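Engineer: got a predicted structure here, sequence first:
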Amino acid sequence: MRAAVLEEFGEPLVVQEVELAEPQAGEVLVRLIACGVCHTDLYTASGADPSGYAPTVLGHEGAGIVERVGPDVASLSPGDHVVTLFSPQCGECVHCLDPRTNLCLAIREQQNKGFLPDGTTRIARDGDGIRHFMGCSTFAEYTVMPEIALAKVSPEAPFEHACLFACGLSTGLGAAINTAAVQPGSTCAIFGAGMVGLGAVAGCRLQGAERIVCVDLSPDRLALARGQGATDVIDGGGDAVEEILEMTGGFGADYTFEATGNVAVMRQAVEAARMGWGLCTVAGVAGRGETLDIVPRLLITGRRVAGSSFGGVKGRDQVPALVERSMAGEIDVEPFISHRLGLDEVNRGFELMEAQDGIRSVIEFN
Ligand SMILES: NC(=O)c1ccc[n+]([C@@H]2O[C@H](COP(=O)([O-])OP(=O)(O)OC[C@H]3O[C@@H](n4cnc5c(N)ncnc54)[C@H](O)[C@@H]3O)[C@@H](O)[C@H]2O)c1
Ligand SMILES: [Zn+2]
Ligand SMILES: [Zn+2]
């Protein structure tokens with residue numbers, strides 16, 4: 001099959017022929033149809049991620065069709081439409097059984113090292129293993145993944161929409177729906193209007209928030225935020241905290257969300273949360289070693305801070321439901337897709353992202 005391989009950190013991906021082995025017990029062979037290009041792919045490709053490894057096939061925002069299943073796979077069959085989950089759901093571990101978290105423990109250790117759960121790879125070149133990225137490796141015509149890391153979605157859902165639910169969009173939606181559990185009638189403030197922040201705007205709207213304030217540096221992105229339900233927008237270049245306090249009678253927002261990865265903005269999101277009960281949900285991934293600075297008095301006077309990984313979404317249960325909501329017209333996915341590329345143009349996807357040109361480039365496979 002053809003796949004985009006990260007050979008050397010800081011170098012463009014090399015699209016080439018590699019070998020893919022048959023799925024083993026508990027594994028599924030998926031033919032990719034669409035795949036989003038995400039910051040995490042670029043972060044690893046650049047070499048900035050200290051836990052990164054190479055060679056590997058990048059990509060983790062995939063949607064496709066089950067081609068074959070290995071032994072002991074009961075919940076998926078050939079022909080099923082699936083979304084890939086870098087955050088799996090085994091349904092059996094202590095975290096899967098607890099409604100308070102989506103951090104499945106089943107395959108973390110091997111996945112973090114770039115292996116399938118049995119500690120080996122299915123991807124190879126001239127007999128040498130190539131590692132699986134985030135358990136997904138979806139910048140490829142096919143991939144082999146654990147059954148527990150695939151969500152079966154409606155066959156009616158367009159693949160190029162479904163793939164966005166594999167990461168950024170579900171992260172933002174889930175931050176509002178699961179982590180914050182925004183109450184109807186409340187006031188929300190979202191810092192950052194990329195895929196994650198725009199998802200959070202949509203999530204706040206779906207939860208029935210009355211006022212949704214979005215902060216970003218880009219007027220184009222703030223226009224997209226209005227399209228997703230933001231009632232007010234603020235230029236992040238000024239004093240956004242001051243403006244949010246003014247808008248809320250000096251109190252702050254009931255719920256704030258951070259979706260930039262910048263620790264100074266995280267601090268702003270805490271400061272813009274309401275005295276008494278304001279909840280700040282942090283979704284952005286900060287740089288290595290960076291810390292979040294909070295004046296403790298803000299916490300004593302009732303503000304709370306929560307972190308959110310993949311929006312607290314238990315993927316196999318919730319991703320299909322979120323995709324259904326988009327098909328029902330509740331989530332407008334089309335504006336998030338700014339470019340459609342072939343696999344050979346994957347490096348162009350990185351360039352567009354670095355230039356902040358659009359929200360998502362989607363790779364389409366023929
Ligand atoms: N928690 C998770 O599971 C998870 C999943 C995916 C992505 N992420 C992280 O979420 C963050 C956002 O991801 P994204 O894909 O939306 O990124 P993005 O780069 O597309 O969006 C970030 C936005 O923040 C804006 N911004 C930058 N500085 C700002 C400021 N001072 N004030 C207001 N806005 C500002 C930018 O203009 C941009 O629109 C990243 O850190 C990413 O790594 C987390
Ligand atoms: Zn991602
Ligand atoms: Zn689990």
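Structural biologist: Ah, there it is. Ligands and ions are numbered 1, 2, ... in the order given.
Engineer: how far away is the spatially most distant residue from the centre of the chain from Asp49?
Structural biologist: Here the chain has its C-alpha centre computed as a mean, and the residue farthest from that point, by Cα atoms, centre = their mean, is Gly249 with 33.9 Å. In this structure, Gly249 and Asp49 are separated by 43 Å, where distance is defined by Cβ to Cβ, to the nearest Å. C-betas here are computed from N, CA, C, even on glycine.
Engineer: report pLDDT for the residue farthest from the centre of the chain.
Structural biologist: Among the per-residue scores, Gly249 shows a pLDDT of 97.
Engineer: check Ala202 too.
Structural biologist: If you check Ala202, the pLDDT there is 98.
Engineer: let me see the contact set for it.
Structural biologist: Ala202 is in contact with Gly172, Leu173, Ala176, Gln228, Gly229, Ile331, Asp332, counting by Cβ atoms under 8 Å, 6 or more residues apart in numbering.
Engineer: tell me which parts of the chain are close to ligand 2?
Structural biologist: By Cβ under 5 Å from the ion, the residues of the chain that approach ligand 2 are Cys38, Thr40, Cys167.
Engineer: out of those residues, which is nearest to Glu345?
Structural biologist: Cys38 (15.8 Å; Cβ to Cβ).
Engineer: just the pLDDT for the closest one.
Structural biologist: According to the per-residue confidence, Cys38 scores 95 in pLDDT.
Engineer: before we move on, what about Asp128?
Structural biologist: 95.
Engineer: show me which residues of the stretch 1-150 of the chain sit near ligand 3.
Structural biologist: Contacts of the stretch 1-150 of the chain with ligand 3, taken as Cβ under 5 Å from the ion, map to Cys90, Cys93, Cys96, Cys104, Ala106.
Engineer: which residue is the nearest non-sequential neighbour of the last one?
Structural biologist: By that I understand Ala106. Of all residues beyond its chain neighbours, the one nearest Ala106 is Cys90 (3.7 Å), with distances taken as Cβ to Cβ, 6 or more residues apart in numbering.
Engineer: list the residues that contact the one you found.
Structural biologist: With contacts taken as Cβ under 8 Å, 6+ apart, Cys90 has the following neighbours: Cys96, Cys104, Leu105, Ala106, Ile107, Ile148.
Engineer: please repeat the previous calculation with a cut-off of 10 Å.
Structural biologist: When contacts are counted by Cβ atoms under 10 Å, 6 or more residues apart in numbering, Cys90 touches Cys96, Leu97, Cys104, Leu105, Ala106, Ile107, Pro117, Pro146, Glu147, Ile148, Ala149, Arg316.
Engineer: doesn't it belong to a strand?
Structural biologist: No. Judged by DSSP: H, G, I helix; E, B strand; the rest coil, Cys90 forms no part of a strand; its state is coil.
Engineer: get me the contact residues on the protein for ligand 1.
Structural biologist: 39, 167-168, 171, 191-197, 215-218, 221, 236, 259-262, 265, 283-285, 308-310 (Cβ under 6 Å from any ligand atom).
Engineer: mind checking which of the residues you listed are buried?
Structural biologist: Among those, those buried by neighbour count (16 or more other Cβ atoms under 10 Å) are 39, 167-168, 171, 191-197, 215-216, 221, 236, 259-262, 265, 283-284, 308-310.
Engineer: which residues are in contact with the closest residue to ligand 1 within the stretch 251-366 of the chain?
Structural biologist: Using Cβ to the nearest ligand atom, the point where the stretch 251-366 of the chain gets nearest to ligand 1 is Gly261, with a distance of 2.5 Å. Gly261 makes contacts with His39, Tyr43, Gly192, Gly194, Val196, Val282, Ala283, Gly284, Val285, Ala286, Gly287, Glu290, as judged by Cβ under 10 Å, 6+ apart.
Engineer: quick one: it from Gly238, how far?
Structural biologist: Remark: distance between Gly261 and Gly238 (Cβ to Cβ) = 20 Å.
Engineer: likewise for Phe310?
Structural biologist: 32 Å.
Engineer: OK, contacts around the closest residue to Glu330 other than its chain neighbours?
Structural biologist: Among residues not flanking Glu330 along the chain, Leu206 sits closest, at 6.2 Å (Cβ to Cβ, 6+ apart). Residues in contact with Leu206, defined by Cβ under 10 Å, 6+ apart, are Leu173, Ala176, Ile177, Val182, Gly229, Leu322, Arg325, Glu330, Ile331.
Engineer: are any of those buried, and which?
Structural biologist: Buried, going by 16+ other Cβ under 10 Å: Leu173, Ala176, Ile177, Val182, Gly229, Leu322, Ile331, out of the contacts of Leu206.
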